[in-house]
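Undergrad: no letters, just coordinates:
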């Protein structure tokens, strides 16, 4: 994991510095920390997951492509590469027993997930965003490259193969800048669904469809 983080940081920050120098535009570097969740979803409803709140930390760069001014009078379009480390967990339960005896319904409380399998998630992502700034508000969008996907099943009776994400996803977000601080809200998703294999009490389910998404809210400081 340390090697992945080091390579990602060096590559993204070197590219950011090079673009910033070449364009002779405004360049900022900062850090961000926040909370959020990474959510597993099983559309067929045979398996179901409940996400737990986790945390994340990021290194952020900004280079202004076009625009003028700062603060309340500033506006412009920025290139915003990031390196984001996230850690959270999901609890996954099987609905097979309920499916045999009654219509399957979505679980609604923590009690419904008693004894569920816990999946710990550690990921490293590199969003390459375009950020549109008007006054102190920003909106961002762009592709996300998933460099590390570490999914560990720690408890429970389900044997879940690593629910690896696709190589590239997307991010949508918004933020507010004020006196060097930035408050950021972010959603990240994947393009399409993935195939998985899950063993439930000796019954193997091949090609189980699943998708992964995440949201986060954080506070950062730009230098």
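TA: Looks like it came in fine. Note that this is a predicted model, so its numbers are computed, not measured.

Undergrad: where do the helices sit along the chain?
TA: 2-23, 96-101 (DSSP state H).

Undergrad: list the contacts for residue 122?
TA: Applying C-beta atoms under 8 Å, 6 or more residues apart in numbering to residue 122 gives the contacts 1, 85, 86, 87, 148, 150, 152. Backbone N, C-alpha and C define where each C-beta goes, glycine included.

Undergrad: now do residue 37
TA: Applying C-beta under 8 Å, 6+ apart, one finds that residue 37 lies in contact with 51, 52, 53, 54, 88, 214, 215, 216.

Undergrad: kindly recompute the last result at 7 Å.
TA: If you count contacts by C-beta atoms under 7 Å, 6 or more residues apart in numbering, residue 37 has them with 51, 52, 53, 54, 88, 214, 215.

Undergrad: buried among the residues you listed? Need that as a selection in ChimeraX.
TA: This is the ChimeraX syntax for the buried subset of the contacts of residue 37, where burial follows 16 or more other C-beta atoms under 10 Å:
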select :51,52,54,88,214,215
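
Undergrad: closest to residue 121 out of the contacts of residue 37?
TA: Of all these, residue 88 has the smallest distance to residue 121: 5.4 Å, by C-beta to C-beta.

Undergrad: counting neighbours, which of the contacts of residue 122 comes out on top?
TA: residue 86 (22 neighbours; other C-beta atoms under 10 Å).

Undergrad: run through the bridge partners of it.
TA: According to DSSP bridges, the partner residues bridging residue 86 are residue 56, residue 123.

Undergrad: and it, how far from residue 190?
TA: The gap separating residue 86 from residue 190 is 14 Å, by C-beta to C-beta, to the nearest Å.

Undergrad: again, but for residue 59
TA: For residue 59, the distance to residue 190 equals 23 Å [C-beta to C-beta].
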